[in-house]
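Participant: Quick check, what structure comes out for this input:
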Amino acid sequence: MTKGTVSIQTDRCKGCGLCIQACPQHVLTLADTLNARGYHHVQLDERDGHCTGCGICAIVCPDVAFTVYREPLRRAA
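Facilitator: Sure thing, here's the model as predicted:
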């Protein structure tokens with residue numbers, strides 16, 4: 001399984017939840033705090049899983065709030 005992570009620009013997020021519904025690893029949640037625009041923004045919560053860097057969140061996000069990082073796969077020698 002690939003490893004990855006996402007960086008979320010919380011000031012761009014309006015908390016629509018599309019990414020939460022789309023995430024196959026279920027590692028995105030709405031924060032209890034508000035961003036500068038007054039919305040509950042999305043946050044990465046990897047207590048019950050880990051991000052694979054699939055990028056689905058970035059694809060569905062209407063606010064372009066995600067940057068996806070993937071760890072390159074290592075080939076067996």
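
Participant: Which helix or strand lies directly C-terminal to the biggest strand by length in the chain?
Facilitator: Assignment by DSSP state E gives strand 28-34 as the longest strand of the chain. Using DSSP states H and E, the helix or strand that follows strand 28-34 in sequence is strand 40-44.

Participant: For that next one, name the packing helices and strands.
Facilitator: On a contact count with 3 or more C-beta pairs under 8 Å, 6 or more residues apart in numbering; DSSP states H and E, strand 40-44 meets strand 4-8, strand 28-34. C-beta: built from backbone N, CA, C; applies to glycine.

Participant: Pairing partners for the last one, with directions?
Facilitator: For strand 28-34, the paired strands and their directions (DSSP bridges) read strand 40-44 (antiparallel).

Participant: CA atoms only for the strand it pairs with - export them in CSV, please.
Facilitator: The C-alpha trace of strand 40-44 is given here as CSV (Å, rounded to 0.1, in the frame of the first residue of the first chain):
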residue,chain,number,x,y,z
HIS,A,40,-15.6,24.5,10.2
HIS,A,41,-12.7,23.3,8.0
VAL,A,42,-11.5,19.8,7.1
GLN,A,43,-8.6,18.3,9.0
LEU,A,44,-6.5,15.1,8.6
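
Participant: Verify the contact between residue 69 and residue 3 for me.
Facilitator: No - contact criterion C-beta atoms under 8 Å: residue 69 and residue 3 do not qualify, at 9.3 Å.

Participant: okay, and the common contacts of the two?
Facilitator: By C-beta atoms under 8 Å, 6 or more residues apart in numbering, residue 69 and residue 3 have these common neighbours: residue 53.

Participant: Where does pLDDT dip in the chain?
Facilitator: 1, 76-77 (pLDDT under 70).

Participant: for the most centrally placed residue in it, what are its contacts?
Facilitator: Residue closest to the mean C-alpha point of the chain, counted by C-alpha atoms, centre = their mean, is residue 6 at 5.1 Å. By C-beta under 8 Å, 6+ apart, the residues touching residue 6 are 44, 51, 53, 57-58, 66-69.

Participant: Between those residues, which sits nearest residue 33?
Facilitator: When those are compared for distance to residue 33 (C-beta to C-beta), residue 44 wins out at 14.1 Å.
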